[in-house]
Every structure is written in C-alpha cells, then in structure tokens.
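In: What follows is a predicted structure for the sequence shown.
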Amino acid sequence: MELTEKERLMLVEKKEDILHATIKILEIINNEELAKDPKQTLEVKKQITSIMSWISIIASYAKAKSDLRQLTVMTENMFPLFNLLDELHSAREVVEMFCNVVNNIQFDFTQKSIRIKIPKIDLSLFNFKS
C-alpha cells in the first residue's frame with residue numbers, strides 16, 4: 001500500500017514534533033531554576049512519552065517493522081533516574097543523549113513506505129535499574 005501525500009505530511013509533522021519536544025526538554029534541563037522544580041520532571045517525562053509515541057506512529061507506517069527495543073530500554077531506564085536525583089539538571093547528560101538519538105533517527109520516505117534507521121545506542125549508559 002502506498003503512502004498518500006496526506007500521510008507523508010503527517011509523518012513529517014510528527015518528526016517536527018519530536019524536534020520541538022526535544023528543544024523543550026533541553027531548555028528545561030539546562031535552566032537550573034527550571035531543573036529544580038519537581039513539576040518540570042513531570043513535564044520532561046510527558047515530552048519523552050510523547051516522543052516515543054510519535055516514533056511508534058511513524059514506525060507503524062514502515063513496511064519492514066523497526067526494532068524500537070533500544071529506545072524503549074533507554075526510556076525505561078531513564079525515568080527512575082529522575083526520581084533518584086534531586087533535580088533534572090543532574091540527569092542532563094543522559095537526557096541530552098536521548099534527545100540527540102531521537103533527533104538522529106532517519107526516516108527515509110519512499111513512495112510506498114518509510115525506512116527507519118535508528119542510531120546505535122550504548123545502553124550501558126542507561127542501566128540505572130538494580
């Protein structure tokens with residue numbers, strides 16, 4: 001089944017939504033005052049959850065199903081870290097890496113579907129669960 005022009009545009013919009021969400025996350029974690037506000041932890045979690053949802057939506061249009069396990073593991077291990085640390089600023093390195101990874105996912109739109117290339121992720125940096 002071929003992608004319609006409307007579907008392609010919607011998928012490009014989702015990619016742009018990912019960019020805007022990561023920019024918002026980076027603004028929060030790099031602003032020390034915001035990073036100390038517990039409400040901002042919830043906001044960052046919401047943004048990350050939205051990003052994962054958008055990636056899943058985009059991946060659902062791919063003919064060859066993409067393996068999103070690495071991204072899922074990264075996210076699952078990142079959330080408990082927010083609860084362990086006093087402020088988001090302390091988790092900045094890990095969150096910045098997540099933002100870079102999701103923005104470096106390549107979505108190659110063809111006439112018929114999408115090819116998704118997810119960068120390799122060093123999951124050892126995200127193993128915070130005991």
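Out: Sure thing, it's come through.

In: name the helices or strands packed onto the longest helix seen in the chain?
Out: Longest helix in the chain by number of residues (criterion: DSSP state H): helix 5-30. Using 3 or more CB pairs under 8 Å, 6 or more residues apart in numbering; DSSP states H and E as the contact definition, the elements that helix 5-30 packs against are helix 32-35, helix 38-60, helix 92-103, strand 106-109. Where C-beta positions appear, they are placed from N, C-alpha and C, glycine not excepted.

In: now that helix against helix 92-103, angle please.
Out: Calculated by axes from the mean of the first three to the mean of the last three CA atoms, to 10 degrees, helix 5-30 forms an angle of 170 degrees with helix 92-103.

In: between the helices and strands packed on helix 5-30, which one is nearest to Thr4?
Out: Proximity to Thr4, assessed across these by CB to CB, is greatest for strand 106-109 (11.8 Å).

In: can you put the helices and strands packed on helix 5-30 in a markdown table and add mean neighbour count?
Out: Putting the helices and strands packed on helix 5-30 into a markdown table (neighbours: other CB atoms under 10 Å) gives the following:
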| stretch | mean neighbour count |
| --- | --- |
| helix 32-35 | 14 |
| helix 38-60 | 17 |
| helix 92-103 | 18 |
| strand 106-109 | 14 |
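
In: and those as CSV, adding mean pLDDT and distance to Glu16?
Out: Written out in CSV, the entries for the helices and strands packed on helix 5-30 read as follows (pLDDT from 0 to 100; distance: least, CB to CB, whole Å):
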stretch, mean pLDDT, distance to Glu16
helix 32-35, 90, 23
helix 38-60, 93, 10
helix 92-103, 91, 11
strand 106-109, 82, 11
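
In: possible to save the ones you listed as a markdown table with distance to Met78?
Out: A markdown table is the format used below for the helices and strands packed on helix 5-30 (distance: least, CB to CB, whole Å):
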| stretch | distance to Met78 |
| --- | --- |
| helix 32-35 | 15 |
| helix 38-60 | 7 |
| helix 92-103 | 6 |
| strand 106-109 | 22 |
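
In: Okay then, goodbye and thanks.
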